[in-house]
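[1] need coordinates for the below:
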Amino acid sequence: MSQVLTLELSDEVYVALQQQAEVLGISIAELVVTFIERQYGSLRREKSQTNAEKEANCQRFRSHAGTINLG
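    Numbering: from 1, shown residues only. Just a heads-up that it's a prediction; the model follows:
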């Protein structure tokens, strides 16, 4: 099951997300969904992960995220 979520973003935030999505070769929607899924997925798994697993997951996420300046 899935739901539709509509967001209103400033032009600056939209452009930053658009640039990051282009670098990764994905749509803005895919980028935002990935951010959200990783955040909430990590919250659900947090108790069962070791510190090494948490750090490895953070590093993997950072390698995909790059830098976004929200001003």
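[2] do you have the helices of this structure handy? List them.
    11-24, 28-45, 51-65 (DSSP state H).
[3] got the buried residues for the second one?
    Applying a neighbour-count criterion of 16 or more other Cβ atoms under 10 Å, one finds 28, 31, 34-35, 38 buried in helix 28-45. Every residue, glycine included, has its C-beta placed from N, CA and C.
[4] same question for the last one.
    Of the residues in helix 51-65, those buried under the neighbour-count criterion (16+ other Cβ under 10 Å) are Asn57.
[5] run the chain-centre distance for it.
    Distance of helix 51-65 from the chain centroid (Cα atoms, centre = their mean, to the nearest Å) equals 12 Å.
[6] name the helices or strands packed onto it?
    With contacts defined as 3 or more Cβ pairs under 8 Å, 6 or more residues apart in numbering; DSSP states H and E, helix 51-65 has these neighbours: helix 28-45.
[7] tilt between the helix it packs on and helix 11-24?
    Between helix 28-45 and helix 11-24, the angle comes out at 90 degrees (axes from the mean of the first three to the mean of the last three Cα atoms, to 10 degrees).
[8] pLDDT on helix 28-45, on average?
    Helix 28-45 shows a mean pLDDT of 80 in the predicted model.
[9] what packs against it?
    helix 11-24, helix 51-65.
[10] rerun at 6 Å
    With contacts taken as 3 or more Cβ pairs under 6 Å, 6 or more residues apart in numbering; DSSP states H and E, helix 28-45 sits against helix 11-24.
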